[in-house]
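# Fold the following and give me the result.
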Amino acid sequence: MNKTEIDSDVEILKTAEQWAKDEVFSSKFFMLFGFMFVMATIGFWNLGKTDVAKAFIYPTLVAGILLIIIGAGLFYTNKTRLSTFESAYQENSSAFVKSEISRAEKTVKEYKTIVFKAIPVIIVLAALMIAFIDIPVWRVIAITTIALMVCIIFVDSDALSRMEAYHTYLISNT
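Purely as a prediction, here's the structure:
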């Protein structure tokens, strides 16, 4: 192995580690949005005087808890993955790169299907609920659902861009 191959190998490992660190950082935004939903719940609980304000308590609490769980799960998964990168790469660098390329391709497809097709449909359905259902609790659930989905799209659109760049880098350097 010559010096350029070694430098390239080191760069691939550094890029993989940086991607995982960025994902760990990104997962914190899910938790931040989750805590904001929980804080909104506390606000509605303490200050809400109308039926509509009181109806926000449970939907925002559920949305907040879901976002915190998603963020914590992604944080743990990527933090664990980060700790295994170097040993997996040292064990068999070509297998590591192939598995990362495969995982990146699968993840990009999932993002494009779930985040950019299914979630917009959920948003449209929730918006239709707001327009056509006159029951306050259902309108509140629809509003909270839209807010939750927007948070997910916000964080995942950035994650998709990172994943595509990571995938492209891996392909071009193998």
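
# Please pull out the lowest mean pLDDT helix or strand from the protein.
Confidence across the helices and strands of the chain bottoms out at helix 3-47, with a mean of 88, counting by mean pLDDT, DSSP states H and E.

# Any idea how far that one is from the middle of the chain?
8 Å (Cα atoms, centre = their mean, to the nearest Å).

# What backbone torsions are found at Gly48?
phi -70, psi 120 (degrees, to the nearest 10).

# Tell me how far it lies from Thr80.
The gap separating Gly48 from Thr80 is 40 Å, by Cβ to Cβ, to the nearest Å. Quick note: C-beta positions are derived from backbone N, CA and C, even for glycine.

# of the two, who's got more company?
A count of neighbours by other Cβ atoms under 10 Å puts Gly48 above the other of Gly48 and Thr80, at 15 against 10.

# What ranges in this protein fall below the confidence cut-off?
The model of the chain has pLDDT under 70 over residues 1-9.

# Pull the contacting residues for the most centrally placed residue in it.
Geometric centre of the chain, nearest residue: Asp156, 4.6 Å, by Cα atoms, centre = their mean. By Cβ atoms under 8 Å, 6 or more residues apart in numbering, Asp156 lies in contact with Tyr111, Val115.

# Can you give me the distance of it to Glu110?
10 Å.
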